[in-house]
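**Student:** Next one to model:
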Amino acid sequence: MLEFGRCVHRALTLNQTFGADILMRTASWLTFKESRASFLIEKPEQGTGQE
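**Tutor:** Residues are numbered from 1 along each chain as shown. Sure, this is the predicted structure:
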């Protein structure tokens, strides 16, 4: 439970420092980059008929 409290405190500190808008845009950007990287690694080879 103590670890959760630390995470909440850290999140509130980041929110006060950077603002919710920057944090949301950063989270979206990181999610997009991770999704794109995963797709590039796992995408099926063209011409195999698998989708």
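
**Student:** all helices of this protein, in order?
**Tutor:** Using DSSP state H, the helices found in the chain span residues 2-18, 20-42.

**Student:** Need those helices in TSV (columns: mean pLDDT and mean neighbour count).
**Tutor:** In this view, the C-beta of every residue, glycine as well, is placed from N, C-alpha and C. Below are the helices of the chain laid out as TSV (pLDDT from 0 to 100; neighbours: other C-beta atoms under 10 Å):
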stretch	mean pLDDT	mean neighbour count
helix 2-18	94	10
helix 20-42	92	10
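
**Student:** separation between the residue positioned nearest the centre of the chain and R6?
**Tutor:** The chain has T31 as the residue nearest its centroid, 3.5 Å off, counting by C-alpha atoms, centre = their mean. T31 sits 23 Å away from R6, going by C-beta to C-beta, to the nearest Å.

**Student:** Ok, N15 next?
**Tutor:** Distance of N15 to R6, computed by C-beta to C-beta: 15 Å.

**Student:** Quick check: the gap between L2 and H9.
**Tutor:** With distances taken as C-beta to C-beta, L2 is found 11 Å from H9.

**Student:** no, scratch that, I was asking about S35
**Tutor:** Distance from S35 to H9, counting by C-beta to C-beta: 29 Å.

**Student:** What of Q16?
**Tutor:** Look at Q16 and H9: by C-beta to C-beta, they are 11 Å apart.

**Student:** Next: T31.
**Tutor:** In terms of C-beta to C-beta, T31 sits 24 Å off from H9.

**Student:** now I22
**Tutor:** Looking at I22 against H9, where the rule is C-beta to C-beta, the gap reads 19 Å.

**Student:** and what of F32?
**Tutor:** For F32, the distance to H9 - C-beta to C-beta - is 28 Å.

**Student:** cool, E42 as well?
**Tutor:** 36 Å.

**Student:** what do you get for K43?
**Tutor:** Distance from K43 to H9, by C-beta to C-beta: 40 Å.

**Student:** Thank you, goodbye.
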